[in-house]
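Asker: got a structure for you, letters missing:
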């Protein structure tokens, strides 16, 4: 019995938290969060070593498929449902312009805006496209498609998050639904973390900095464990590797945290959120990542004083100077407490 791993595309280039009606008439590439989601797919065990990877003709599906296969096969018929006059609009605008139909669709999703593709037509073309994919391949396959298109086959929409995997079993031309909307959340070992950094656009220097910060954070965890303070060493290591995931973005700590929450790693996101400005100076996982980052300049270890003296030159306003001094004092308190516990030579 052959399997079809039916994957919803990753997040397109829309702001996190906003809802848009992006149907088959709107061709939007992946955003930065989407590229990170797609980068996780090769690390999902059951998606490795597949015979062929297919995708719809829309760019967001192709870009999702690329990490799985350098040359995915585009197949007509796998596209998203066309939503007529709603296609490409924010849902806030749809609610304002089409309030009656929007409200009615909450009770009956078969009601469609002008120019939209009927649900049955989506199901028919999707079924035909999946059978073409099977005929063009052997063994198990992956197919990257879209929410409404996948729902036309599975019968459910609510579980179909970005890069979720549904599983079909093919017996001849009969397709049986075996699984719906399992989210991809591989363990974040070093290889996965480096893939995420590369997908976010990190260069060799930034990756070297993250590696050096992680190495120091590991040493601090080990030293503290020897004094009876057991932190989550794996969490600290992963957070240190990924603390600058969004380094090229404004407010990079908050953006990196938002990306990691979107990927399904909330504990990691919380530490990354605090790596530039921790919530307290208590010895926690977040404090260790903050201190390790501040004790590494580029890929070289430096003293806390040296690091903050250098960064002081970037402060151009009274507010920036006050924030800089607050972070310096926080770093000193954390460092001094670790020295008290582990000895003066630890940092």
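Answerer: That came through, no problem. Because the structure is a prediction, the values reported are computed rather than measured.

Asker: next, the buried residues of the helix of greatest length in the chain.
Answerer: When the chain is parsed with DSSP state H, its longest helix is helix 318-342. For helix 318-342, burial by neighbour count (16 or more other C-beta atoms under 10 Å) applies to 327, 328, 330, 331, 332, 334, 335, 337, 338, 342. Quick note: C-beta positions are derived from backbone N, CA and C, even for glycine.

Asker: angle of the helix-or-strand element of the chain with minimal mean pLDDT against helix 318-342?
Answerer: Using mean pLDDT, DSSP states H and E, the weakest-scoring helix or strand in the chain turns out to be helix 304-312, at a mean of 82. Orientation check (axes from the mean of the first three to the mean of the last three C-alpha atoms, to 10 degrees): helix 304-312 against helix 318-342 gives 170 degrees.

Asker: for helix 304-312, name the packing helices and strands.
Answerer: For helix 304-312, the elements it packs on are helix 285-294, strand 296-297, helix 318-342, judged by 3 or more C-beta pairs under 8 Å, 6 or more residues apart in numbering; DSSP states H and E.

Asker: packing partners for the shortest one?
Answerer: The one in question is strand 296-297. helix 204-225, helix 304-312.

Asker: so for residue 285, which of these sits nearest?
Answerer: helix 204-225 (8.6 Å; C-beta to C-beta).

Asker: just checking, next helix/strand downstream of that closest one?
Answerer: Counting by DSSP states H and E, the next helix or strand C-terminal to helix 204-225 is helix 233-242.

Asker: picking up where we left off before, now for the helices and strands packed on helix 304-312, which one comes closest to residue 160?
Answerer: Among these, if distance is taken as C-beta to C-beta, the winner is helix 285-294, at 32.9 Å.

Asker: chain center to that closest one, what's the gap?
Answerer: Put simply, helix 285-294 sits 22 Å off its chain's centre (C-alpha atoms, centre = their mean, to the nearest Å).

Asker: contacts made by that helix with the rest, please.
Answerer: 213-214, 216-217, 220-221, 224, 231-232, 235-236, 239-240, 243-244, 270-272, 274-281, 304, 307-308, 327, 330-331, 334-335, 338, 347 (C-beta atoms under 8 Å, 6 or more residues apart in numbering).

Asker: may I see the buried residues of that helix?
Answerer: For helix 285-294, burial by neighbour count (16+ other C-beta under 10 Å) applies to 285, 286, 287, 288, 289, 290, 291, 292, 293, 294.

Asker: now pLDDT and distance to residue 318 too, for those, in JSON lines please.
Answerer: Listed next are those as JSON lines, based on pLDDT from 0 to 100; distance: C-beta to C-beta, whole Å:
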{"residue": "285", "pLDDT": "97", "distance to residue 318": "32"}
{"residue": "286", "pLDDT": "97", "distance to residue 318": "27"}
{"residue": "287", "pLDDT": "96", "distance to residue 318": "27"}
{"residue": "288", "pLDDT": "96", "distance to residue 318": "30"}
{"residue": "289", "pLDDT": "97", "distance to residue 318": "28"}
{"residue": "290", "pLDDT": "96", "distance to residue 318": "23"}
{"residue": "291", "pLDDT": "95", "distance to residue 318": "26"}
{"residue": "292", "pLDDT": "96", "distance to residue 318": "29"}
{"residue": "293", "pLDDT": "96", "distance to residue 318": "25"}
{"residue": "294", "pLDDT": "94", "distance to residue 318": "22"}
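
Asker: that's a helix at residue 3, yeah?
Answerer: No. According to DSSP: H, G, I helix; E, B strand; the rest coil, residue 3 belongs to no helix; its state is strand.

Asker: leaving aside the residues next to it on the chain, what's closest to it?
Answerer: The shortest distance from residue 3 to any non-neighbouring residue, by C-beta to C-beta, 6 or more residues apart in numbering, is to residue 140 (4.3 Å).

Asker: these two touch, right, that neighbour and residue 2?
Answerer: Yes. The criterion here is C-beta atoms under 8 Å, and residue 140 meets it with residue 2 at 5.9 Å.

Asker: who's more crowded, these two?
Answerer: Neighbours per residue, other C-beta atoms under 10 Å: of residue 140 and residue 2, the larger number sits with residue 140, 19 against 15.

Asker: coming back round to it: with distance to residue 83 added, can I get the helices and strands packed on helix 304-312 in JSON lines?
Answerer: Listed next are the helices and strands packed on helix 304-312 as JSON lines, based on distance: least, C-beta to C-beta, whole Å:
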{"stretch": "helix 285-294", "distance to residue 83": "43"}
{"stretch": "strand 296-297", "distance to residue 83": "49"}
{"stretch": "helix 318-342", "distance to residue 83": "45"}
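
Asker: and those, which one averages the lowest pLDDT?
Answerer: Among the helices and strands packed on helix 304-312, helix 318-342 has the lowest mean pLDDT, at a mean of 88.

Asker: just the strands in the stretch 51-200 of the chain please.
Answerer: Applying DSSP state E, counting those that start in this stretch to the stretch 51-200 of the chain gives strands spanning 52-55, 73-74, 89-90, 141-145, 165-171, 174-182.

Asker: out of the ones you listed, which is closest to residue 113?
Answerer: Closest to residue 113 of these is strand 89-90 (C-beta to C-beta; 9.6 Å).

Asker: direction included, what does the closest one pair against?
Answerer: With DSSP bridges as the test, strand 89-90 is paired with strand 20-21 (antiparallel).
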